[in-house]
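Asks: only the shape, not the letters, is given here:
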């Protein structure tokens, strides 16, 4: 293999998005797959890799899903893959019909995990306030409503910024509030 080609994460993601198959990028002694490549490896081919989803500032805070495996396992895992200057590739038309739903699910999982992490550092006072709000109450004279929400919802709302989460996360949050409100 010739010298390792350096690519930005955005270039890797764009290349994978346009490629029909899996692109694997050399990362030390590992080969790393992104987004569609991860979906094919884990959902279509059934490999049980540790999959990570993360938000990247360099990628306008959009989510990226990734997994990796040792370079020396390439021929064992993907015998038809070709070694390239940047790592490896397996060209094939895979069924991608469920990719977008899978990707959204992965991003929601990491969003809620991040919210729980942030919540664990929130003040005890906020958690006590939540515990003291047992139910939905309405005062028709003043048009105010007290809604018992979960600590995850409070943390999400407190930390929410426009475009910081995929729109699906925002919709899920609104739906969760609606479900509590109209029980």
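Replies: Perfect, thanks for sending it. The structure displayed is predicted, hence computed values, not measured ones. Numbering: from 1, shown residues only.
Asks: helix or strand for the spatially closest residue to residue 71 that is not a sequence neighbour, which one?
Replies: Spatially, and ignoring its direct neighbours in sequence, residue 71 is nearest to residue 31 (5.3 Å; Cβ to Cβ, 6 or more residues apart in numbering). (Glycine included, C-beta is placed from N, CA and C.) Applying DSSP states H and E as the criterion places residue 31 in strand 30-34.
Asks: can you tell me what sits against the next helix or strand after that strand?
Replies: As assigned by DSSP H and E, the chain's next helix or strand after strand 30-34 is helix 36-39. Identification of contacts with helix 36-39 by Cβ atoms under 8 Å, 6 or more residues apart in numbering yields 16-17, 19, 22-24, 49, 51, 65-67, 96, 99, 102-103.
Asks: what do you get for stretch 51-68?
Replies: 8-10, 13, 27, 30-35, 38-39, 41-42, 49-50, 103, 106-107, 109-110, 163-164, 166.
Asks: buried sites along that stretch?
Replies: Buried residues in stretch 51-68, counted by 16 or more other Cβ atoms under 10 Å: 51, 53, 55, 63, 64, 65, 66, 67, 68.
Asks: next, the second one: secondary structure please.
Replies: When you say that, I think you mean residue 53. strand (DSSP: H, G, I helix; E, B strand; the rest coil).
Asks: which stretches of the chain have low pLDDT?
Replies: Along the chain, the parts satisfying pLDDT under 70 run over 1-5, 110-153, 155-156, 159, 163-165, 180-183.
Asks: give me every residue that touches residue 90.
Replies: 21, 22, 24, 78, 80, 81, 82.
Asks: correction: residue 92
Replies: 20, 21, 22, 80.
Asks: roughly how far apart are the residue nearest to residue 72 when sequence neighbours are not counted and residue 104?
Replies: Excluding the flanking residues, the one nearest residue 72 by Cβ to Cβ, 6+ apart is residue 29, at 7.6 Å. Distance of residue 29 to residue 104, given as Cβ to Cβ, to the nearest Å: 32 Å.
Asks: next one: residue 18
Replies: To residue 104, residue 18 is 21 Å away according to Cβ to Cβ.
Asks: more neighbours, the two?
Replies: residue 104 (16 against 9; other Cβ atoms under 10 Å).
Asks: the more buried one contacts residue 167, doesn't it?
Replies: No - applying Cβ atoms under 8 Å as the test, residue 104 and residue 167 come out as separate, 9.7 Å apart.
Asks: show me the helices in the protein, by range?
Replies: Assigned by DSSP state H, the chain shows helices spanning 9-18, 36-39, 74-77, 99-120, 124-131, 151-159, 167-181.
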